[in-house]
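Novice: Whatever this is, show me its structure:
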Amino acid sequence: MASHHDQQLEDQAGLAAGRDLANWATMVHRLQVTEVPDGVENLNVEGRRVVGAIQGFGQLWQKTYRIRLEGAAVTPVEVIAVWKQRFASFWPAGSRFHSPHGGLTPGVVVLLDQLLPGRLRLSSGVMLLYADAVSFTVMSAEGMPFAGWNTFSAFDADGVTVAQVQLLMRADDPLFELAMVLFAHRMEDRHWQQTLHNLAAHFGVQAPVRYQTLRLDRRRQWARATNLWYNAAVRSALHLLAARVHPPRPRQYAGPRRLRRGQVPHRASSGMLAPVLSTDVGLAAGWDARGRGWRHEEGLAGMPAPSRPKLA
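Specialist: I've put the predicted structure just below:
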């Protein structure tokens, strides 16, 4: 009996591990963007690596934002299902999250852009690292302001469903660390508070967002200062500047190809201008050797001679 019971436990553990494995993204060395929506540029994502808090530069922070959905007859599973399906619509105005048509599934790469001070638009992306019925986690691409993970979850607390956003992050490089000190902390707080307000409003709830900020490590990892090379804000600004200085120009028509002596213009069946040698067809008309107009010779049988164009 004992051996049979142990075998059952092992089988259940194996099934649980298999289900959990399906919730994780497969390991990737470089990100590949498989879907680019119309009007969206694939900047600072293709070929980049994902980075966690270990690869970041600045101080290590854990931020938690929660809202209680009081009065809403909704379960944590239902909240996460709606949140994943309509994630982009819950983001604050000015920031755009371009959800793929296939939905938020483990391993998918999502493009996003955020409005920064000075009306600079930062373009980057994230990869969905983990997803199950009650939570999902995204991981930053190189060059994002923050290196780390964002976990979105819902759970039951005293009979009330609670929606939560939790961040574990470092500023990715020295420039973003300076921005954290000046304004980025406040921007981040406003962004996720507004996101939770929008999510709660979808279920007909108006409630305050409670949040907590913990500094887990005061040190800065100076060995990661070279992350500045991938800074998405700088690269987005340079891309915009290059587009304004050197806008793409439409290709201009260079004119007809200059014909060699003994050739006449002839339109082939493909629509291309093709030369016909006089020695092949017995020239009926052709260009004057000195390039001053048409010269008329004896026409082919049954073929009218071409009219002579007027010279200016």
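
Novice: Any idea how many residues pack against the closest residue to residue 25 other than its chain neighbours?
Specialist: With CB to CB, 6 or more residues apart in numbering as the criterion, residue 25 has its nearest non-adjacent residue at 3.8 Å, and that residue is residue 107. No exception for glycine: its C-beta is placed from N, CA and C like everyone else's. When neighbours are counted by other CB atoms under 10 Å, residue 107 registers 15.

Novice: And for the one 3 residues further on?
Specialist: Burial of residue 110 is recorded as 21 neighbouring residues (other CB under 10 Å).

Novice: Torsion angles phi and psi at it?
Specialist: Main-chain torsions, residue 110, degrees, to the nearest 10: phi -120, psi 130.

Novice: so the residue nearest to residue 25 sits in a helix?
Specialist: No: assessed with DSSP: H, G, I helix; E, B strand; the rest coil, residue 107 is coil; it does not lie in a helix.

Novice: show me the contacts for it.
Specialist: Shown in contact with residue 107 (CB atoms under 8 Å, 6 or more residues apart in numbering): 25, 26, 28, 127, 128.

Novice: Let me know the pLDDT of it.
Specialist: For residue 107, the model assigns a pLDDT of 86.

Novice: what does the one 5 residues further on give?
Specialist: With respect to pLDDT, residue 112 has a value of 78.

Novice: With adjacent residues omitted, what lies nearest to it?
Specialist: The nearest residue in space to residue 112 (CB to CB, 6+ apart) is residue 97, at 4.9 Å.

Novice: Next one: that neighbour relative to residue 88, how far apart?
Specialist: When distance is defined by CB to CB, to the nearest Å, residue 97 is 4 Å away from residue 88.

Novice: Look at the two and report which has more neighbours.
Specialist: Neighbour totals were compared for residue 97 and residue 88, and residue 97 leads with 19 against 13 (other CB under 10 Å).

Novice: Give the helix, strand or coil label for that one.
Specialist: In three-state terms, and counting by three-state DSSP, residue 97 is strand.

Novice: Go ahead and confirm it touches residue 89.
Specialist: No: in this structure, residue 97 is not within contact of residue 89 by CB atoms under 8 Å, at 9.0 Å.

Novice: Output the helix or strand hosting residue 163 in CSV with nothing but the alpha carbons.
Specialist: Take DSSP states H and E as the rule and residue 163 turns out to sit in strand 160-171. The C-alpha coordinates for strand 160-171 follow below in CSV (Å, rounded to 0.1, in the frame of the first residue of the first chain):
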residue,chain,number,x,y,z
VAL,A,160,-13.1,40.3,-1.6
THR,A,161,-11.1,40.0,-4.8
VAL,A,162,-8.0,42.1,-4.8
ALA,A,163,-6.1,43.1,-8.0
GLN,A,164,-2.3,43.7,-7.6
VAL,A,165,0.7,44.9,-9.5
GLN,A,166,4.1,44.1,-8.1
LEU,A,167,7.4,45.3,-9.5
LEU,A,168,10.9,44.1,-8.7
MET,A,169,13.3,46.4,-10.5
ARG,A,170,16.5,48.4,-10.9
ALA,A,171,17.0,51.4,-13.1
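
Novice: which residues of this protein score low on pLDDT?
Specialist: Scanning the chain for pLDDT under 70 picks out the ranges 1-19, 35-44, 94, 115-120, 239-241, 243-312.
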